[in-house]
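S.K.: make a model of this:
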Amino acid sequence: MGKRDLTYDLLSIGAHPDDVEVGSGGVLIDLSKRGRRCGVVILTEGEMGTGGSAEIRAQEVKEAAAILGADIVKTFDWGDTRLEDNYDRRFELAEVIRRCRPKIILAPYPHVGHGRRQSHPDHVAAGTISINAAHLASLKKVDLLGEPHLVTRIFHYFLPPGVTPNFVIDITPHFDRWIEALSAHRSQFLNPEKTRDYIESITAMARSFGIQSRCKYGQGFYAVEPITVGDIMTLIEEGE
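M.R.: Residues are numbered from 1 along each chain as shown. Presented below is the predicted three-dimensional model:
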């Protein structure tokens, strides 16, 4: 496989097997249709989920990725509910980043405390590991495989209460396909043993982001650093 084949426009990183679909699935579908290459990196096998097993969830990831039009770049086994940021984790993810050389990384929002009303601890850890791994991947003197690579931007999904997205991607044209990708995670979202309708909740979240940004369904992201705009008119052209 040549260097060109290993280059990705975007990597979406999740703590659990369904995180990427929930937080960024519509965006991956959109980019795939635009001819962009997207990859998925999962940091745990999701073995502590109420439904399914690590093996079942791995198969669901494959089915969902095919619907998204994204490649499964890597699934780590770093411990569902035990994910934490440390140098070894940063190092391993940094090697993936160097190999894939993405322009953009999407990762969970990490700047919150642990707790169900804020964010799953694994999500917080995943965001922190992603930021630190991206930094490590750019350093020339680190003993990593591959050439140093500087990720252009990192954007965050899974925004906690009180954090408003500073940009929203319109996924309305891809809504049905996005729901199809979510539904591939049958053990989580179509499990009759669960009383909560997760698909309905996720749809409501997308509708809320859409209302905020004047589209029907959207996925919200947070850029910690200001986004540079060359032509201010490009900010309104999509919505006209």
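S.K.: from here on, just use CA atoms for contacts and neighbour counts.
M.R.: Noted.
S.K.: hmm, who's touching stretch 13-26?
M.R.: With contact meaning C-alpha atoms under 8 Å, 6 or more residues apart in numbering, stretch 13-26 is reached by 12, 40-46, 57-58, 61, 64, 68, 80, 83, 105-108, 122-123, 126, 130, 157-158, 171, 174-175, 177-178, 181-182, 185, 202, 219.
S.K.: and the gap between residue 165 and residue 29?
M.R.: Counting by C-alpha to C-alpha, to the nearest Å, the gap between residue 165 and residue 29 amounts to 20 Å.
S.K.: compare those two (neighbour count), which wins?
M.R.: Between residue 165 and residue 29, residue 29 has the larger neighbour count (other C-alpha atoms under 10 Å), namely 26 against 18.
S.K.: related to what we said a few turns ago, mind checking which of the contacts of stretch 13-26 are in strands?
M.R.: Within the contacts of stretch 13-26, residues falling in strands by DSSP state E are 12, 40, 41, 42, 105, 106, 107, 108, 157, 219.
S.K.: a markdown table for the residues you listed, including neighbour count?
M.R.: Formatted as a markdown table, the ones in strands among the contacts of stretch 13-26 follow (neighbours: other C-alpha atoms under 10 Å):
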| residue | neighbour count |
| --- | --- |
| 12 | 31 |
| 40 | 23 |
| 41 | 23 |
| 42 | 24 |
| 105 | 24 |
| 106 | 24 |
| 107 | 30 |
| 108 | 31 |
| 157 | 25 |
| 219 | 26 |
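S.K.: and which of these is nearest residue 6?
M.R.: Compare each of the ones in strands among the contacts of stretch 13-26 with residue 6 using C-alpha to C-alpha and the shortest gap goes to residue 40, at 13.1 Å.
S.K.: can you list the weak-confidence ranges in the protein?
M.R.: Counting by pLDDT under 70, the low-confidence segments of the chain come to 1-5, 113-118, 238-240.
S.K.: does residue 29 count as helix, strand or coil?
M.R.: The assignment at residue 29 comes out as helix when based on DSSP: H, G, I helix; E, B strand; the rest coil.
S.K.: I figured it was touching residue 71, is that so?
M.R.: No: with the criterion set as C-alpha atoms under 8 Å, residue 29 and residue 71 do not qualify as a contacting pair; they are 11.6 Å apart.
S.K.: got any residues that touch both of these two?
M.R.: Common neighbours of residue 29 and residue 71, using C-alpha under 8 Å, 6+ apart, do not exist here.
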